[in-house]
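Student: Fold the following for me, if possible:
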Amino acid sequence: MKEYKAQTGGRYTYADDLLNLQNLALSFGSLFGDCLNFIISGCEVSGNNISEGYVYINGKIRKFEGHTGNSTWPKYIYENNSNENIGYANNQTKVGRTNYGCACGPTVPSGNDPVTGAARQSIQIASTGAALRKKNEFFGKNCLLLNPGAAQTVANAVTFSGNVSIGGTLNVTGQTTVGSIKVNAITSTQGTFSITDTNGNINIAAGTGKAVNIGPAIKEGGTLLSSKYVQRSELQQWVFGNAPSTGMTQGQCDARYARLSNGLSQFITGSNTAAVLLGQIGGISQNTADSRYAKLSNYLADMATSENAKSMIRRNIGAAKAGSFQALLNDTGWIKVKDPGLYVRQWGNIVTIEGAVYAKSNNETVVTMPSNISAPGKDIELVISGDGASDTPANYQTRLKMQGGSKDLKVAYCHPSLVGSVIKVLITYMN
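Tutor: Numbering: from 1, shown residues only. Take a look at the predicted model:
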């Protein structure tokens, strides 16, 4: 890579110098050579708008100027290339530079790009702001991220010298030798999974109220537990069938103990009425509950039986009476409508135009308000003038105006020497 040097004595600048500088700038794009099209920075979604930023599309880093659009989603930032002709020697006009730009819309224009001769490449953005960004497409291919948008894969071996904490599932597909593992779950797909500790005991424990589930066949010292201990089904058969002299019969059990399938109705007998049983367990009857407590399905209607009761409920929950408050005013937020930095915002019926704009000739339109901004009801005019002390461009008067019912901000008067200069604008009106 050649680096530009200049010493005292008047160095000539050659086309080769410009090419070297351009190659240095273009080399930055090579960092992303194996990446898909992605957003480098900016391009954040707010409502139906997308902020300015930088993108990488079809091998080029491009400046995105932002987008103010309709409610159609998704939107696409697509390459928009063009060749620019300039004057050469001998009065010739040829291509002097290629502009690698981008634009945005609800679809990607059909047909081939005039520079690449191929279909335009693009980046899709959802209404939630979801899109392929630098974090996942560039860093996600070369680094482990703290908060990646998708799962990452490390191709080669990784060694950790310290502790490793895993909050999810540890999937082991090969042989693993470790000192200790503390995880929520271990899954092995390689057959027998062994845990061996030759230095001490092995403890398997669950949290409070939880259970340790081991199955389907459990061995103790190499022998199935089912062959060493009596199973539940065999115990029940032994108690009820094989040894009636030492155990209770099925009928005796039915007469002495409650049966789960019968519910609590089996206890309502004789003096043990439903009311008595409710008192024993500290319960309340359904009829009492229906007459004493509000029902969720009634949405407080069963308590709001009078205006005084309604007022008390509103006071208790901090609610206002219907119709006693002003509706929320609509706010468009600040919308950029013109370079280098003219913005407009409507809050209710109040419209504010603020920022900077390039001056134009008399009767020319400076900017047209967006569709969601109301026009003024009457004619308005903004006068920008100096102190009149001297006949210089800084003291010439400039006037901007909007006619009632029109959304066009026009130049009523501008001195020719000020056309193209930046003027400050601050207009507020009620429609």
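Student: max-length helix in this structure?
Tutor: Scanning the chain for the helix with the most residues, using DSSP state H, yields helix 15-27.
Student: need the next SSE after that helix, C-terminal direction.
Tutor: strand 38-42 (DSSP states H and E).
Student: Now that following strand: buried residues?
Tutor: The neighbour-count check on strand 38-42 (16 or more other CB atoms under 10 Å) flags Phe38, Ile39, Ile40 as buried. All C-beta spots, glycine's among them, are computed from the backbone N, C-alpha and C.
Student: cool, and stretch 315-329?
Tutor: Within stretch 315-329, no residue qualifies as buried by neighbour count (16+ other CB under 10 Å).
Student: how much space between Thr332 and Cys43?
Tutor: 21 Å (CB to CB, to the nearest Å).
Student: of these two, who's got more company?
Tutor: Counted by other CB atoms under 10 Å, Thr332 and Cys43 do not tie: Cys43 has more neighbours, with 22 against 14.
Student: Look up how far Gly53 lies from that one.
Tutor: As judged by CB to CB, Cys43 and Gly53 stand 4 Å apart.
Student: what touches both of those two?
Tutor: Phe64 (CB atoms under 8 Å, 6 or more residues apart in numbering).
Student: what are the ranges of the helices in the chain?
Tutor: Going by DSSP H, the chain shows helices at 15-27, 134, 140-142, 225-228, 232-237, 250-256, 274-281, 286-292, 307-317.
Student: So which of those helices has the densest surroundings on average?
Tutor: For these, the largest average neighbour count (mean count of other CB atoms under 10 Å) is found in helix 134, namely a mean of 17.
Student: what would the helices of the chain look like in JSON lines with mean pLDDT and distance to Glu84?
Tutor: Formatted as JSON lines, these follow (pLDDT from 0 to 100; distance: least, CB to CB, whole Å):
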{"stretch": "helix 15-27", "mean pLDDT": "74", "distance to Glu84": "15"}
{"stretch": "helix 134", "mean pLDDT": "86", "distance to Glu84": "29"}
{"stretch": "helix 140-142", "mean pLDDT": "73", "distance to Glu84": "34"}
{"stretch": "helix 225-228", "mean pLDDT": "79", "distance to Glu84": "84"}
{"stretch": "helix 232-237", "mean pLDDT": "68", "distance to Glu84": "87"}
{"stretch": "helix 250-256", "mean pLDDT": "77", "distance to Glu84": "97"}
{"stretch": "helix 274-281", "mean pLDDT": "86", "distance to Glu84": "88"}
{"stretch": "helix 286-292", "mean pLDDT": "78", "distance to Glu84": "81"}
{"stretch": "helix 307-317", "mean pLDDT": "88", "distance to Glu84": "66"}
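Student: and the gap between Gly105 and Ser122?
Tutor: Per CB to CB, Gly105 is found 9 Å from Ser122.
Student: who has more neighbours, these two?
Tutor: Ser122 (22 against 15).
Student: Does that one touch Pro106 like I think?
Tutor: No: the pair Ser122 / Pro106 is not scored as a contact, 11.5 Å apart, by CB atoms under 8 Å.
Student: So for stretch 230-246, first residue to last residue, what's the gap.
Tutor: 17 Å (CA to CA, to the nearest Å).
Student: Over to stretch 216-234?
Tutor: 18 Å.
Student: How far does that stretch sit from its chain's centre?
Tutor: Relative to the centre of its chain, stretch 216-234 is centred 53 Å away, using CA atoms, centre = their mean, to the nearest Å.
Student: do the same with stretch 63-70
Tutor: Mean-position distance between stretch 63-70 and its chain equals 19 Å (CA atoms, centre = their mean).
Student: Would you mind listing the buried residues in that stretch?
Tutor: Phe64, His67.
Student: Show me how the protein divides into domains.
Tutor: 15-142, 286-317, 335-430 (automatic domain parsing).
Student: Turn those into CSV, including distance to Ala255.
Tutor: Conversion of those to CSV gives the following (distance: least, CB to CB, whole Å):
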stretch, distance to Ala255
domain 15-142, 66
domain 286-317, 30
domain 335-430, 80
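Student: ranking those by mean pLDDT, which is last?
Tutor: Of all those, mean pLDDT reaches its minimum on domain 286-317 (a mean of 83).
Student: how far does it stretch from start to finish?
Tutor: 27 Å.
Student: and if you look at stretch 110-125?
Tutor: Start-to-end, stretch 110-125 (CA to CA) is 19 Å.
Student: Show residues contacting that stretch.
Tutor: 37-39, 43, 45, 50, 55, 57-58, 74-83, 98, 100, 108-109, 131-132.
Student: Kindly report the same for stretch 88-103.
Tutor: Residues from elsewhere that reach stretch 88-103 (CB under 8 Å, 6+ apart): 55, 57, 60, 62-64, 77-87, 115.
Student: If any of those are buried, put those into a ChimeraX selection.
Tutor: Only the buried entries of these go into this ChimeraX selection, using 16+ other CB under 10 Å:
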select :55,57,60,62,64,77,78,79,80,81,115
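Student: out of the contacts of stretch 88-103, which are inside strands?
Tutor: Those of these mapping onto strands are 55, 57, 60, 62-64, 77-87, per DSSP state E.
Student: where do the strands sit along the stretch 101-250 of the chain?
Tutor: Along the stretch 101-250 of the chain, counting by DSSP state E, counting those that start in this stretch, strands occupy 122-125, 169-172, 185-188, 219-220, 223-224.
Student: Give the rounded mean pLDDT of the last one.
Tutor: Think strand 223-224. The model assigns strand 223-224 a mean pLDDT of 86.
Student: Partner strands of it and their direction?
Tutor: strand 219-220 (antiparallel) (DSSP bridges).
Student: ok so, going back, what about the helices of the chain, which gets the closest to Asn70?
Tutor: Ranking the helices of the chain by distance to Asn70, with CB to CB as the measure, places helix 134 first at 27.6 Å.
Student: Just give the closest residue to Gly404, not the sequence neighbours.
Tutor: Lys378 (4.4 Å; CB to CB, 6 or more residues apart in numbering).
Student: Done for today, thanks.
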